[in-house]
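Novice: Okay, here's the prediction I keep looking at, along with the sequence it came from:
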Amino acid sequence: MQNLRWLFVLMLAVGLQACNLDQYNNSDPKTLTDRRAGDPYVYGDPDGEPRQALTEYPDPVDGAARTKKIREKLYAPMSPVDFYRQYITIQEKKDTQAAKESKEADKQS
């Protein structure tokens, strides 16, 4: 019974302490301060040029051709026949994959 009282007192103290947390949990612009305000490492020089990454990567050898293929695939107009062929191909791949998985499951059983 004595332990229960101490537990109650402890819970009451923690609960009352938690009521005071509101002073740190607010978004009032008057009380918010940025501890790194004006730090050039974080914000850079306001009047200077923007800093860029120092590492420059070379362009890939087939970069232009690859970019062209991607653009053609994404933005080229597709006829309904081509769309249907692409859809059928995707469905056939899904069906063959499902058939392989079911065969493997049958072998394991």
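Specialist: Nice, thanks for sending it over.

Novice: Where does residue 93 sit, in terms of helix or strand?
Specialist: Using DSSP states H and E, residue 93 maps to helix 80-108.

Novice: average pLDDT for that helix?
Specialist: Averaged over helix 80-108, pLDDT sits at 85.

Novice: Likewise for stretch 8-27?
Specialist: 74.

Novice: Check which helices and strands the helix holding residue 93 sits against.
Specialist: For helix 80-108, the contact count by 3 or more Cβ pairs under 8 Å, 6 or more residues apart in numbering; DSSP states H and E identifies no helix or strand as a packing neighbour. Backbone N, C-alpha and C define where each C-beta goes, glycine included.

Novice: How far does it sit from its chain's centre?
Specialist: Centroid separation for helix 80-108 versus its chain: 31 Å, with Cα atoms, centre = their mean, to the nearest Å.

Novice: quick one: buried residues of it?
Specialist: Within helix 80-108, no residue counts as buried by 16 or more other Cβ atoms under 10 Å.

Novice: now swap in stretch 3-16 and tell me
Specialist: Of the residues in stretch 3-16, none count as buried by neighbour count, 16+ other Cβ under 10 Å.

Novice: now the helices for the chain?
Specialist: Ranges of helices in the chain, per DSSP state H, are 2-18, 40-43, 63-75, 80-108.

Novice: can I get these in a markdown table with distance to residue 56?
Specialist: As requested, the helices of the chain are exported to a markdown table (distance: least, Cβ to Cβ, whole Å):
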| stretch | distance to residue 56 |
| --- | --- |
| helix 2-18 | 53 |
| helix 40-43 | 22 |
| helix 63-75 | 14 |
| helix 80-108 | 38 |
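
Novice: Can you give me the separation between residue 64 and residue 70?
Specialist: According to Cβ to Cβ, to the nearest Å, residue 64 and residue 70 sit 11 Å apart.

Novice: what's the answer for residue 95, then?
Specialist: Distance of residue 95 to residue 70, given as Cβ to Cβ: 28 Å.
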